[in-house]
Structure formats: C-alpha cells, structure tokens
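Chemist: No letters, just coordinates:
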C-alpha cells in the first residue's frame, strides 16, 4: 500500500499522467479490496412470471424449479419469453456487526430485494438500461435469514453476473465507490480539457481552428461517454436516467464523424474524395441516429427495436468499417514515412492492445470481468492525437514564418525589379542624348581654360571634373541599360585578377593600405573579361574607400560544389545590417557623394553571368563580399 501511495505521488508530477495515476490507483485499490471481500459460495435462481409475489415464491413447493449457481459458475441465459427471475440467497447463521451485502453486476431494469417477505430495497428504470449494482447494510439479527431478489426486464439480459459478497460495510462501500470512480474522474477530466480547448479555439487562426475544434469535440464526447457509461449515475440519479442514456447515444453519434474529420484533415487533406464522401455519409447517418433517439424518447421507447437496429447493429457495422479504413490508411501513410501517421498508429495500437487485454481477462474470468483497461488505451490515443495536433501547429507556424520571409524577399525583389526597369528605360532614352552635350561643353571649357588666368583655370578645372563625373554616371546608365555580354569565353580567375592588380594595388597603397591575393590557377568560369574586371574593380574600389587606419584587403578564391567562390574582405568601417539589405538599389549609397549606380551595375553584371553576390559586414569590423559563379571543369 505504501508503494501505491508513492506511485501516486510520482505520477501527480507529470501533466496528463495525473489522470492515469488516479485511475490506476482506483483500480488497484478496488482489486485489493475485492480480494478481502468474502463471496457467498452459491445461491439459487429460478425463472418466474411478472405477476409473481414474494409470498407465492416463499410458499412455493417446487424445489426443482430452483437452479443452484456456484460463485464462479455461469448464469444461464434468459429464455426469450421470460421477463422475470428470482434469486434466493441464504445468509450465514452469524453475521458480524456492521456487515453488508454487495452485488456488483445485476442485469435487470427493475430490482427488488426482500429480507424474508419484507421489501428492503427497490430500483426501477423506466428506460432501456439494465445494468445495476446493489449494496445494503446487514445487522446481526439478519443471520440465517433468506434474501430474495426479484429481477425484471424487457431487454435481452437478466440475472446476476458477478459474485455476491458479504463483508464489512466500509470495505464494501469503498468497493462500490471505486467501481465507478475511474469513469467519473476520466469523464470530468476529458470534459475540462475539452472546454479549455474550445475556449482556446477562439484565439486560433482559421486554418488551425477546424482540426482543433474537431479534436475538442472528440474529447468532449469521450468524456460524456465515460460519465454516462457509469452505472453510478443511473443508480443514484434514476430520474435523469433516460437523459443520460440519450446523451450517451448522441455523444457516440457525434464522436465517430469527428474522428474521421480529424483524420481527414491531418492526413488526407482532400486527396481521397471517397473519404470525404464517407465522412459526409457518416454525418448524415449520425444526424439520423440523433433524430431517432429523440423520437424514441418522445414515444416512450415504443420503437426501441427499430432504434436498436439502426443505432446499435447498423452503427456498429459502420464503426467497424470506419476503424478498418483508418487502420489501413494509417499503415499506408506509415509506409510512406509520415511521422504523424506513426504517432497516430501508435496511439491507436495502444487502444487496441488495452482492449485486447480486457477481452483476454473477460474470457479468463468466465465472462464476469468488468472492462476498464480500454479506458487507458483511449487516454493514450487522445494523447497521441494531441501530440499530432501540436506537431501540426508547429509545422504550420514554421511554414507561415518561411512564407512570410519568402513574401518579404519576393516583394523586395519586385520593388527592385520595378526600379531597374524604370532606370533601364530612362537610361536607354536619355543617356545618348545627354552624353553628346556634355562632351561638347567639356571641349569648350578646355579651350577657354587655356586662354584665361590662373584663378579662372581653377574654376574651369572644377567644372571639367564635375562634367567627367556626370559622364561616368551616364556610362553606368548605359552599362545598366545594355548589360549583354559581347563575348562569353572561358576565364581563368587567377589571370583576370592578376591583370587588374596593376590598377588596384597602387590605388590601395595611395590610400594607406595593402592588398593580398591568394587565388589558385586552376579556377575557371564562363563570362566576359572586361565585365568581370569591372565587377572586381568596383567592389575592391569600394573596399579601398572604406579604409581606416592600416587598411587591409584580402582576396582569395576556391572551388566548392561545382561553383567558384571569390572572397574580397576588408577591415574598413563596415556597414549596418539595415544598410546591407539596401545595397544594389539605385540611388542608395553609403558614401557621401555616391549614387549607388556603380554597385547596381555590378549586381546586374553578376546576374547576367549567372552568378550570386553576398555581403557580410559588421560595423567597424570590416566587410566581406562573396561572389559565386558556375565552375567550368577543365580537361
């Protein structure tokens, strides 16, 4: 018992396992107390008539009509025309104080208990439910008395299908309470979880709400089924028995299409039209069963045989078809490597395994065993569904995040494309017309400067420099407007960089820095020599202009994954993260007098050479530019 308490304390620390801990503890306590109770070794039973009175049964002189039933024996099946049975129990001659009589399973709609010819207890169900249990206290004066039970029913089962136990009343009370405590705890726990989930569904997105609500309805209906499955409610709240019975049937009718809908949304998602058709059929059939339940209630169960045919026989066949369908499709999805199908199949297998154990124990105990382990299988199955739903939400959230990033990227690309198209059109229509007046104006300024004094020469020089700067901008416009490669040849990266060293090394030295180059000679790409040099010079020139004290530029290259990587890294002033995202846009530059057109042209040239450019930078730590071009394998 001490180990059991320790087990309860341990399980109380683990989320959903609190429920399993309580249920297992209740089951073990019930099993332990059942062993302590003493079973009456045998009793007598006979079939009777509805009009039989207790006085007639006591005075009956037909002992051959009574059948002796052993404690572990089987109760005979009810003949079809019989509606009444009598049970006779001989109490021991001596009964200790505070003892009681407990019968765990009584199948009857009306149950009357007599102590001799005195009525001591009676329960009557005016609805089609026949499972009862009885606990009555005994006194010492009842020793040697004969107890008569009158059982009446209009249903198929009739009789006592459990041992009749005689023990201390407190022990029997615990057994009576623990017998249904599992269903009550499990039912209310599921109801609580379902209500919380339904409230949370209002805060979910529309795409997530359908599966969430369907799982909530499944848990809600299962909680209702567990509660209304318990005979405790019918025995203690007999007035509402018909309501409990109808709620049970309605909950089952709602649970089945909810399960299929959840399965369809998680795994199928519209791929198999016949699953959707089957689900729609099941919804309509469940609605039909609910309507039939209401009609049967209004007509005081006069159409009970029709009702049972459609809600038990036919619905049971539909359930079998549904479960087989789910199992087969789960196996198919597992074979395809669907992780959610593996989780679903594991939960369903747990439910099937627990149900199998129940069946084995049922037949091993001469069909007197009460099913209860299957409930833990249901808990495991629901936990598996919750795990699947949580995993699906995580995947959806990741997909939404990736979609948002892609949308932002494509939006940026669209804006950049629109700007490029605008500048291209502008460059094509204006560049040539502007360049000619600039050249003429520059020529006249040079002539005037040669004939003027020194002071005016300085002004003329400034004007010529600005005209040259405007001419460079026009050249960039023309390059952008016509970025086609005039000649595409095989380029040796090492040779191309060596040819521009004569330009960039003196420029770096002039600005107080140095350049180191480490490029293997076997790297080759396809492109245009002049355009590649323009790309490299533009990037290296920007690095030189970013020099601070003791500037350093490192250039290296290598081949990886069929691509040639060229790295150009400086230790300049660096670029802010926000500025990095805008590089390559027209008219955006980090330099005071920059136009952004040079880097824009560089981006365009790299694009038409089927390359990629990437920037890595940190403020005051320098900038690294990574160029990637398709590799050309040389024989």
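Modeler: Ah, there it is. Since the structure is predicted, the reported quantities are computational estimates derived from the model, not experimental observations.

Chemist: Could you use CA atoms for every contact and neighbour count after this?
Modeler: Will do.

Chemist: Got the domain ranges for the chain?
Modeler: Each domain of the chain is listed here as a residue range: 37-162, 243-336, 422-481, 489-630, per automatic domain parsing.

Chemist: Which of the ones you listed comes out lowest on mean pLDDT?
Modeler: Mean pLDDT is lowest for domain 422-481 among those, at a mean of 70.

Chemist: Which one of the domains of the chain lies nearest to residue 411?
Modeler: domain 489-630 (12.8 Å; C-alpha to C-alpha).

Chemist: coming back round to it: tabulate the domains of the chain (a markdown table), appending distance to residue 183 and mean neighbour count.
Modeler: Converted to a markdown table, those look like this (distance: least, C-alpha to C-alpha, whole Å; neighbours: other C-alpha atoms under 10 Å):
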| stretch | distance to residue 183 | mean neighbour count |
| --- | --- | --- |
| domain 37-162 | 15 | 17 |
| domain 243-336 | 13 | 17 |
| domain 422-481 | 73 | 15 |
| domain 489-630 | 60 | 17 |
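
Chemist: any chance of the ones you listed in JSON lines, with distance to residue 186 too?
Modeler: Converted to JSON lines, the domains of the chain look like this (distance: least, C-alpha to C-alpha, whole Å):
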{"stretch": "domain 37-162", "distance to residue 186": "20"}
{"stretch": "domain 243-336", "distance to residue 186": "15"}
{"stretch": "domain 422-481", "distance to residue 186": "68"}
{"stretch": "domain 489-630", "distance to residue 186": "55"}
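
Chemist: which residues of the stretch 351-500 of the chain fall in helices?
Modeler: Applying DSSP state H, counting those that start in this stretch to the stretch 351-500 of the chain gives helices spanning 374-450, 454-481, 493-510.

Chemist: nearest to residue 525, of those?
Modeler: helix 493-510 (7.1 Å).

Chemist: helices or strands up against the closest one?
Modeler: Taking 3 or more C-alpha pairs under 8 Å, 6 or more residues apart in numbering; DSSP states H and E as contact, the helices and strands that helix 493-510 lies on are strand 513-518, helix 529-545.

Chemist: Leaving out the residues flanking it, which one is nearest to residue 202?
Modeler: residue 209 (8.0 Å; C-alpha to C-alpha, 6 or more residues apart in numbering).

Chemist: What of residue 260?
Modeler: Nearest one to residue 260, counting by C-alpha to C-alpha, 6+ apart, is residue 279 at 6.4 Å.

Chemist: Which residues lie in contact with that neighbour in this structure?
Modeler: Residues near residue 279 by C-alpha atoms under 8 Å, 6 or more residues apart in numbering: 257, 260-261.

Chemist: Is it in a helix, a strand, or coil?
Modeler: Put simply, residue 279 is helix when judged by DSSP: H, G, I helix; E, B strand; the rest coil.

Chemist: And for residue 121?
Modeler: strand.

Chemist: where does it sit relative to residue 84, distance-wise?
Modeler: 17 Å (C-alpha to C-alpha, to the nearest Å).

Chemist: in whichever strand or helix holds residue 224, what's buried?
Modeler: For residue 224, the host element (DSSP states H and E) is helix 206-229. Buried positions in helix 206-229, judged by neighbour count with 16 or more other C-alpha atoms under 10 Å: 209-229.

Chemist: Point to the residue nearest the middle of this structure.
Modeler: residue 389 (1.8 Å; C-alpha atoms, centre = their mean).

Chemist: so which of the domains of the chain gets nearest residue 350?
Modeler: Nearest of these (C-alpha to C-alpha): domain 243-336, 12.7 Å.

Chemist: Let's see the distance spanning the closest one from one end to the other.
Modeler: End to end - C-alpha to C-alpha - domain 243-336 spans 46 Å.

Chemist: hang on, the earlier thing: with residue 201 as the reference, name the closest of the domains of the chain.
Modeler: Of all the domains of the chain, domain 243-336 comes closest under C-alpha to C-alpha, at 14.9 Å.

Chemist: how close does the residue nearest to residue 260 get to residue 257?
Modeler: 6 Å.

Chemist: So which residues of the stretch 51-200 of the chain form strands?
Modeler: Secondary structure of the stretch 51-200 of the chain (DSSP state E, counting those that start in this stretch): strands located at 67-70, 84-90, 99-107, 110-115, 118-124, 131-138, 146-152, 159-160, 164-168.

Chemist: Which among those strands is found nearest to residue 382?
Modeler: Using C-alpha to C-alpha, the nearest of those to residue 382 is strand 131-138, at 27.5 Å.

Chemist: Now do the nearest residue to residue 227 once chain neighbours are set aside: how many residues are near it, please.
Modeler: Using C-alpha to C-alpha, 6+ apart and skipping the chain neighbours, the partner closest in space to residue 227 is residue 187 (5.0 Å). Residue 187: 23 surrounding residues under other C-alpha atoms under 10 Å.

Chemist: my guess is residue 187 meets residue 221, correct?
Modeler: No: assessed by C-alpha atoms under 8 Å, residue 187 is found out of contact with residue 221, at 9.2 Å.

Chemist: per-residue confidence at the residue nearest to the centre of the chain?
Modeler: So, for residue 389, pLDDT stands at 79.

Chemist: mind listing what it touches?
Modeler: Residues in contact with residue 389 (C-alpha under 8 Å, 6+ apart) are 211-212.

Chemist: quick one on the thing from earlier: present the helices of the stretch 351-500 of the chain as JSON lines; the columns should include distance to residue 253.
Modeler: Below are those laid out as JSON lines (distance: least, C-alpha to C-alpha, whole Å):
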{"stretch": "helix 374-450", "distance to residue 253": "17"}
{"stretch": "helix 454-481", "distance to residue 253": "69"}
{"stretch": "helix 493-510", "distance to residue 253": "74"}
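
Chemist: Just the mean pLDDT for the helix holding residue 224, thanks.
Modeler: In the prediction, helix 206-229 has an average pLDDT of 85.

Chemist: which helices and strands does the helix or strand just after it pack with?
Modeler: Per DSSP H and E, the first helix or strand lying C-terminal to helix 206-229 is helix 231-236. The contact analysis (3+ C-alpha pairs under 8 Å, 6+ apart) places helix 231-236 against strand 131-138, helix 241-263.
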